[in-house]
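**Q** predicted model and sequence follow; I will ask about them next.
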Amino acid sequence: MAPRDFEPYFPNRPPTWVEVIGSVATTGLLLPNLVAEVDSFMIAAAGFILFLLALPFEVVEDCFHRIGMSGRGLLVLGVFIGVQLIAELAPQLTPILIDASTGGLLATLLYFTAFLAKERTVSGWRVTPDE
């Protein structure tokens, strides 16, 4: 059990297998390529810090719960389209975007690892409504 000081910063449920497998796949497939393309460690550090500060806020988790699965799918699609538009219309911003997203991904993986270490268990494949 984690110290009480950290309890409010994590969901009040154990991680699911989908989250664990997604994190492992992301770490293995995306992270090596992103880290290899980092041009500015300052921008990557800024992305890391900003994501690390935003992830534990309950407002972020509540927003994701409110928009539901279809909303999350649309959000992912919107980010994907936005990144493609930036790459096509403003290619000079692409390295900045890659560096910031690399830092954000590292922060997300650190947060999830801490969450997994705190819970020390994995639940089913999906989050049930009562959790």
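**A** That came in fine, so what should we check first?
**Q** pretty sure residue 14 contacts residue 123?
**A** Yes. Residue 14 lies in contact with residue 123 (Cβ atoms under 8 Å); the separation is 4.5 Å. From N, CA and C alone the C-beta is placed, and that goes for glycine too.
**Q** neighbours of the closest residue in space to residue 37 that isn't next to it in sequence, how many?
**A** Take residue 37 and drop its neighbours on the chain: the residue closest to it by Cβ to Cβ, 6 or more residues apart in numbering is residue 98, 5.4 Å away. Neighbours of residue 98 under the rule other Cβ atoms under 10 Å: 21.
**Q** against residue 114, how distant is the most centrally placed residue in the chain?
**A** Central residue of the chain (Cα atoms, centre = their mean): residue 108, 3.9 Å from the mean position. Remark: distance between residue 108 and residue 114 (Cβ to Cβ, to the nearest Å) = 11 Å.
**Q** what sits against residue 40?
**A** Residues in contact with residue 40 (Cβ atoms under 8 Å, 6 or more residues apart in numbering) are 95-96, 99.
**Q** phi, psi of it?
**A** The phi/psi pair for residue 40 (degrees, to the nearest 10) reads phi -120, psi 110.
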